[in-house]
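In: What follows is a predicted protein model with its sequence.
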Amino acid sequence: SHYNIYTDGLKVYTTIDSRMQQYAEEACYDHVAKFLQPAFDKANKQKRNAPYSHNLSAAEVQKILQRSVRQCDRYRVLKASGATEAQIEKSFNTPVEMTVFSYRGDIDTVMTPMDSIRYYKSFLRTGFFSMEPQTGHVKAYVGGLDFQHFAYDMAMEGRRQVGSTIKPFLYSLAMMNGYTPCDEAPNVQQTYMVAGNPWTPRNGSRARYGEMVTLKWGLQQSNNWISAYLMSNLNPSDFVDLLHEYGIRNPEIHPSMALCLGPCDITVAEMVSAYTAFVNHGIRSAPMFVTRIVDNEGNEVARFTPRMNEVINGESADKMVYMLRAVVDGGTAGRLRFRYGLTAEIGGKTGTTNNNSDAWFMGITPKLVSGAWVGGDDRDIHFDNMAMGQGATMALPIFAYYMKKIYQDTSIDITEADKFEKPEGFSPCGMSEDGADGGDGEGDGDEYIIE
């Protein structure tokens, strides 16, 4: 505390890799600003309450906007000066000269402060985080696309519903309880009694309906009925305890059957840290940003070491890597192969929440674990069609662009030849690997949560 970080000549050694940070920022910008935003702007022209979903009434939109009004500096200044609510409302609806952000540069214009709030709400937000699982070193960290205008950190601070990206944690609990990827479950819609009330999860696809399918296939296709079946055979309280072991800190997560479909709010950083346990044979690495600090005379002021904890056993983690790879090699993340041409050993999980409010992709490779989230500033700001709003369209390409740039940079010790470590003779099901249970390489519409 007696150091001045600006004037005392301290050297702070960060884990961030400047090359990988640049690639992460470029990947986020190229996908969100150049592709998603123009498509979202076009879709908004058809909405009466843009940028909000057409499912909302004008009164509902106004209520949401009023919440934003009360959070802004203009409101606080006017309120502190003694202005009445009527005067404040008039101020927010009176056109004034202002400069607003755009991806083509700042624009000088005239609009009401209320319209400017709606204008800024129309920009999609993103968060991206990438870690070295073996050490916890954070290699790239993107909290948003423009710090000056959108300073809120959507990687470390912003919590959003995670949808189907929670399913690998549930499957890992199943593996810990003796299940294998080849165990079968009924692919049918069922109704469960939850706290005395019936709960019937829905699914985005009826592929192989009525059949017995393997758990591997269930995760590949992000099938909600299989997740609900697993949850009904496991203890929701054990699941909550396991989520906390994975480093998920949200105290508002409570035991529930519906938790298996990801209605809870979690940060991108927490999700990436949790997924490191799969690559690390069950050992989770906490994010680490700084390795050491040295003063202006070369004396070491502080040195930091990785913080790790065992979440699941190594065998269960290896089974999860096997299934997460299957998601890429024949499931909802198949476009990493056929659209983006990535040939490396990669595992992953897509995630899309109700009404396409939150889009996720979690990706694991032998030396990197990364996560991407894309969504609106409010949950009611989103694409209204699944083709554009799903995680495989909104978030997965960020990971794809990022990894392609890394693989092309020969100065980085990460290549498409890297292999996941697994024990000699490893067999995920205690037998030869099943090769006949793959998906159709797409299946991205299977992401729904029911609260």
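Out: Structure's in. What do you need?
In: residues of the helix or strand containing residue 185 that come out buried?
Out: According to DSSP states H and E, residue 185 maps onto strand 184-186. For strand 184-186, burial by neighbour count (16 or more other C-beta atoms under 10 Å) applies to residue 185. Any C-beta I mention is one placed from the backbone N, CA and C, and that applies to glycine too.
In: ditto for stretch 146-160
Out: The neighbour-count criterion (16+ other C-beta under 10 Å) identifies 150, 153-156, 158-160 as the buried residues of stretch 146-160.
In: can you check stretch 382-393 too?
Out: In stretch 382-393, residues buried by neighbour count (16+ other C-beta under 10 Å) are 382-383, 386, 388-393.
In: hmm, back to that, what is the next helix or strand after the strand holding residue 185 packed up against?
Out: Going down the chain from strand 184-186, the next helix or strand is strand 192-194, by DSSP H and E. Other helices and strands packing on strand 192-194, by 3 or more C-beta pairs under 8 Å, 6 or more residues apart in numbering; DSSP states H and E, are strand 197-199.
In: from the chain's centre, how far out does the strand it packs on sit?
Out: 29 Å (C-alpha atoms, centre = their mean, to the nearest Å).
In: Please state the mean pLDDT value computed over the helix or strand following it.
Out: Per DSSP H and E, strand 197-199 leads on to strand 212-214 as the next helix or strand towards the C-terminus. In this model, strand 212-214 has an average pLDDT of 97.
In: do the same with stretch 366-384
Out: In the prediction, stretch 366-384 has an average pLDDT of 96.
In: Flag every buried residue along it.
Out: Of the residues in stretch 366-384, those with enough neighbours to count as buried (16+ other C-beta under 10 Å) are 366-383.
In: Now, the residues you listed that are in helices?
Out: In helices, judged by DSSP state H, none of the buried residues of stretch 366-384 are found.
In: and the strand holding residue 185, which strands flank it?
Out: According to DSSP bridges, the neighbouring strands of strand 184-186, each with its direction, are strand 212-214 (antiparallel).
In: Just checking: what are the partner strands of the helix or strand of the chain with the lowest mean pLDDT?
Out: Ranking every helix and strand in the chain by mean pLDDT, DSSP states H and E puts strand 192-194 at the bottom, with a mean of 87. Its sheet considered, strand 192-194 pairs with strand 197-199 (antiparallel) by DSSP bridges.
In: Please work out which residues outside the partner strand touch it.
Out: By C-beta atoms under 8 Å, 6 or more residues apart in numbering, the list of residues contacting strand 197-199 from outside reads 191-193, 257-258, 450.
In: quick check, residue 16 in a strand?
Out: No - the assignment for residue 16 is coil, going by DSSP: H, G, I helix; E, B strand; the rest coil, so no strand is present there.
In: which residues does it contact?
Out: With contact taken as C-beta under 8 Å, 6+ apart, residue 16 is in contact with 138-141, 289.
In: State the distance from it to residue 415.
Out: 21 Å (C-beta to C-beta, to the nearest Å).
In: can you check residue 21 too?
Out: When C-beta to C-beta is the yardstick, residue 21 and residue 415 sit 19 Å from each other.
In: who's more crowded, the two?
Out: When residue 21 and residue 415 are compared for neighbours, residue 21 comes out ahead with 17 against 14, by other C-beta atoms under 10 Å.
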